[in-house]
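**Q** Model the following, please.
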Amino acid sequence: MDIVTSIPDTETDLAVSKQAAYEPLFKRRGPPRFEDLGQERQYRKERLAAGFRIFAALGFSEGVAGHITARDPEFTDTFWVNPFGMHFAHVTVSDLIRVDGAGDVVEGTMPVNVAAFAIHHQIHVARPDVVAAAHAHSIYGKAWSAVGRLLDPITQDACAFYEDHVFFDDTRVMITEASEAALIAERLGAHKAAILRNHGLLTVGQTVDEAVWWFISMERCCQAQFLAESVGTPLQVDPENARAARAVNGTAQAGWFQCQPLHDRILRQQPDLLE
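**A** Down below sits the predicted model:
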């Protein structure tokens, strides 16, 4: 299945102009900037541990499946990830492991999920702009991945993914080889998310928070479309307004900002994640 998701320049310009018009109304803060790589590493690891706790709280844990990665800010060809076999709800900063381009654990003592390495390594190599990538076997994402369709712009939230996600149509659901994972990275292209056939959702971001938020939002968009289609044919937002909504709510900054209430809540409830 080959679904075209490119955006004509004139339509992109229109979306950007609308973003410029709307942005002053929202006054959203952005992610912090760091001059010290050690501080940036600690920040990314704390956000990563929080991301797993958020996923657990939302019911995205399923056995040993699922992973979120964060590129190391100093050793940029390596990334931090959850140890294989640890429940999302138990992950702390000190549990995280750092994996290199050969799939070896260079920091930490626990093993890495071979699928996590295969998929995330290829994405991090193909997309230097991507700091984090998230994948889990969530219920609605898995179900929608078996439908074989992109999400439609039927809600404001779904518009964030309009023309910015792809369907990866491959029957190999067990991804453990570099060549297989490279196909996912190639299909993802410059987009923020992919629906992996018969597998689930994959999202990326310039921050951990952004990747985590897109996954959460995409999962709920899958749920919303199932519900809407169960009672009829959903009304769709027209392309111009869908692009305008994406220009405001589908940006990297918007993704990071949307995740902040969830991060603040999980940190207040589970401060042990920082250990």
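
**Q** all contacts plus neighbour counts: C-alpha atoms, from now on.
**A** OK.

**Q** For the stretch 101-250 of the chain, which residues score under the pLDDT cut-off?
**A** 173-174, 176 (pLDDT under 70).

**Q** which stretches of it form strands?
**A** Under the criterion DSSP state E, counting those that start in this stretch, strands of the stretch 101-250 of the chain are mapped to 105-107, 132-136, 165-168, 193-196, 200-205.

**Q** In this structure Pro31 contacts Gln258, no?
**A** No - Pro31 is beyond contact range of Gln258, at 11.4 Å (criterion: CA atoms under 8 Å).

**Q** Looking at those two now, which is surrounded by more residues?
**A** Using other CA atoms under 10 Å as the criterion, Pro31 and Gln258 rank with Gln258 on top: 18 against 14.

**Q** Which residue, other than its chain neighbours, is closest to the more buried one?
**A** Nearest residue to Gln258, sequence neighbours excluded (CA to CA, 6 or more residues apart in numbering): Trp213, at 6.7 Å.

**Q** The one you found is in contact with Trp256, isn't it?
**A** Yes - between Trp213 and Trp256 there is a contact at 7.1 Å, judged by CA under 8 Å.

**Q** how many other residues sit next to Val106?
**A** 13.

**Q** What separation do you get for it and Phe79?
**A** 10 Å (CA to CA, to the nearest Å).

**Q** Overlap in contacts, those two.
**A** Common contact partners of Val106 and Phe79 (CA atoms under 8 Å, 6 or more residues apart in numbering): Arg98, Val99, Asp100.

**Q** Reformat the residues you listed as a markdown table; add pLDDT and secondary structure.
**A** A markdown table is the format used below for these (pLDDT from 0 to 100; DSSP: H, G, I helix; E, B strand; the rest coil):
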| residue | pLDDT | secondary structure |
| --- | --- | --- |
| Arg98 | 98 | strand |
| Val99 | 98 | strand |
| Asp100 | 97 | coil |
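
**Q** can I get these in JSON lines with distance to Ala245?
**A** Shown next, in JSON lines, are the shared contacts of Val106 and Phe79 (distance: CA to CA, whole Å):
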{"residue": "Arg98", "distance to Ala245": "37"}
{"residue": "Val99", "distance to Ala245": "37"}
{"residue": "Asp100", "distance to Ala245": "38"}
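
**Q** In ChimeraX, select just the buried ones from the residues you listed.
**A** A single ChimeraX command is used to select the members of those judged buried by 16 or more other CA atoms under 10 Å:
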select :98,99,100
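
**Q** Specify which member of the shared contacts of Val106 and Phe79 is nearest to Ala57.
**A** Nearest to Ala57 among these, counting by CA to CA, is Arg98 at 24.3 Å.

**Q** hang on, the closest one packs against Pro83?
**A** No - here Arg98 does not reach Pro83: they are 9.4 Å apart, not a contact under CA under 8 Å.

**Q** Find the nearest non-adjacent residue to Trp214, please.
**A** Leaving out its chain neighbours, the residue that sits closest to Trp214 by CA to CA, 6+ apart is Thr203, at 6.1 Å.

**Q** Give me the most central residue, this protein.
**A** Residue closest to the average C-alpha location in the chain (CA atoms, centre = their mean): Thr203, at 2.6 Å.

**Q** I'd say that residue and Glu219 touch.
**A** No - if you go by CA under 8 Å, Thr203 and Glu219 don't touch, sitting 10.5 Å apart.

**Q** Pull the residues that contact stretch 58-73.
**A** Contacts of stretch 58-73 (CA under 8 Å, 6+ apart): 37, 40-41, 44-45, 48, 51-52, 55, 77-82, 84-88, 116, 120, 124, 130-139, 207-208.
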